[in-house]
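Novice: Provided below are the primary sequence and the corresponding predicted coordinates.
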Amino acid sequence: MPREGAGFDVVRRMGLALPDVEEGTAYGSPALTVHGKMFACLAVHQSAEPNTLAVCLDFDQRDELIAEDPKTYYLTAHYVNYPYVLARLAHIRQDALRDLLLMGRRFVSTTKRPEAEVRRRRRK
């Protein structure tokens, strides 16, 4: 499969084409929000690789993505207990990026309290 790669400009363009998505910032980094809730941003934690997108996702979805494509999707110890997946923008295909943004938007839109997901995960 060809590597299409992406930067945040591509993420922004794709994200803003989705319903109710707005551009914002999270921890001083470009981010996408839906109804005021952040669902995707450039990862700023020092443990993340450069040019990495952090996307809010259900833990099971996250684990499936990492298992299917560990060159693109990954975690660091910092993110393990949070409902996020890290995606290397240099490796992600544009169709996969579009799907990832849709999943993140859906997760944030339908989860009443994402922090409850964090507590649930920590109890396991």
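Specialist: Structure received.
Novice: And the spatially most central residue of the chain, how far from residue 32?
Specialist: In the chain, the residue lying closest to the centroid (C-alpha atoms, centre = their mean) is residue 55, at 1.1 Å. From residue 55 across to residue 32, the span is 9 Å (C-beta to C-beta, to the nearest Å). For glycine as for every other residue, the C-beta is placed from the backbone atoms N, C-alpha and C.
Novice: re earlier: what's opposite the residue nearest to the centre of the chain in the beta bridge?
Specialist: residue 40, residue 85 (DSSP bridges).
Novice: Quick one, grab the pLDDT at it.
Specialist: We have a pLDDT of 98 for residue 55.
Novice: Listing request: residues of this structure with sub-threshold pLDDT.
Specialist: 1-6, 112-124 (pLDDT under 70).
Novice: go again using 90 as the cut-off
Specialist: Scanning the chain with the threshold set as pLDDT under 90 gives 1-7, 27, 110-124.
Novice: List the buried residues of the lengthiest helix in it.
Specialist: In the chain, assigned by DSSP state H, the helix with the most residues is helix 94-110. Using 16 or more other C-beta atoms under 10 Å as the test for burial, helix 94-110 gives 96, 97, 98, 100, 101, 103, 104, 105, 106, 107, 108.
Novice: Output that helix as PDB, nothing but the C-alphas.
Specialist: This file holds the C-alpha atoms of helix 94-110, laid out as PDB (Å, rounded to 0.1, in the frame of the first residue of the first chain):
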ATOM      1  CA  GLN A  94      -5.700   9.200   4.100                       C
ATOM      2  CA  ASP A  95      -8.600   6.800   4.000                       C
ATOM      3  CA  ALA A  96      -7.500   5.300   7.400                       C
ATOM      4  CA  LEU A  97      -7.100   8.900   8.800                       C
ATOM      5  CA  ARG A  98     -10.600   9.700   7.700                       C
ATOM      6  CA  ASP A  99     -11.900   6.600   9.400                       C
ATOM      7  CA  LEU A 100      -9.900   7.400  12.500                       C
ATOM      8  CA  LEU A 101     -11.300  10.900  12.800                       C
ATOM      9  CA  LEU A 102     -14.800   9.600  12.300                       C
ATOM     10  CA  MET A 103     -14.300   7.000  15.100                       C
ATOM     11  CA  GLY A 104     -12.900   9.700  17.400                       C
ATOM     12  CA  ARG A 105     -15.700  12.100  16.700                       C
ATOM     13  CA  ARG A 106     -18.300   9.400  17.200                       C
ATOM     14  CA  PHE A 107     -16.700   8.300  20.500                       C
ATOM     15  CA  VAL A 108     -16.700  11.800  22.000                       C
ATOM     16  CA  SER A 109     -20.200  12.600  20.700                       C
ATOM     17  CA  THR A 110     -21.800   9.500  22.100                       C
END
